[in-house]
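Undergrad: Below: sequence and its predicted model.
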Amino acid sequence: MTAVQWSDGAPIYRQLKERVIEMMLDGVLKPGDALPSVRQVAAEYQLNPITVSRAYQELADEALVEKRRGLGMYVTEEASRKLLENERNRFLTEEWPAVLERIARLGLDAEKLLAPLKGDA
């Protein structure tokens, strides 16, 4: 894991969970990879181990990681698929409507917006 700035806008355990999810989506953590131990993360980021455990437990509750007794937490085989599906759904329901509204408000033309993607720029 890399240096992280914690914000006051959300609980730290949730921010840590989101950071692990980003690492999974970016391919830094792949199916079958072990997560760093709770103690290791707590020491590295100067967090309470309970905070780290709570983030890891939420990941386990969502079946993104699994506990292996005596070995630690591991990324599940279906984690990438689930995360990508969730992120796509979230984008389409939360972000895309706002983008469409802004496009309409600015009077932009869809063909003009898509031209760079088609190589027509």
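TA: Here it is on my side, so go on. Residues are numbered from 1 along each chain as shown.
Undergrad: Which parts of the chain belong to which domain?
TA: 12-77, 80-118 (automatic domain parsing).
Undergrad: average pLDDT for the last one?
TA: Model confidence over domain 80-118 averages 90 on the pLDDT scale.
Undergrad: got the buried residues for it?
TA: Going by neighbour count (16 or more other Cβ atoms under 10 Å), the buried part of domain 80-118 is 80, 83. Quick note: C-beta positions are derived from backbone N, CA and C, even for glycine.
Undergrad: any idea how far it is from the chain center?
TA: 19 Å (Cα atoms, centre = their mean, to the nearest Å).
Undergrad: my guess is Ala42 meets Pro49, correct?
TA: Yes. At 4.3 Å, Ala42 and Pro49 qualify as touching, with contact defined as Cβ atoms under 8 Å.
Undergrad: of those two, who's got more company?
TA: Ala42 (17 against 13; other Cβ atoms under 10 Å).
Undergrad: Could you dump the domains of the chain into CSV with distance to Gln5 added?
TA: Listed next are the domains of the chain as CSV, based on distance: least, Cβ to Cβ, whole Å:
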stretch, distance to Gln5
domain 12-77, 9
domain 80-118, 22
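Undergrad: out of the ones you listed, nearest to Trp6?
TA: Nearest to Trp6, of all the domains of the chain, is domain 12-77, at 5.3 Å by Cβ to Cβ.
Undergrad: pLDDT on that closest one, on average?
TA: Averaged across domain 12-77, the pLDDT comes to 95.
Undergrad: Just the terminal-to-terminal distance for it.
TA: 26 Å (Cα to Cα, to the nearest Å).
Undergrad: any idea how far Gln40 is from Leu84?
TA: Counting by Cβ to Cβ, to the nearest Å, the separation of Leu84 from Gln40 is 27 Å.
Undergrad: Let's verify the residue nearest to Tyr56 when sequence neighbours are not counted: helix, strand, or coil?
TA: Closest residue in space to Tyr56, ignoring its immediate chain neighbours: Met73 at 5.5 Å, by Cβ to Cβ, 6 or more residues apart in numbering. Counting by DSSP: H, G, I helix; E, B strand; the rest coil, the backbone at Met73 sits in strand.
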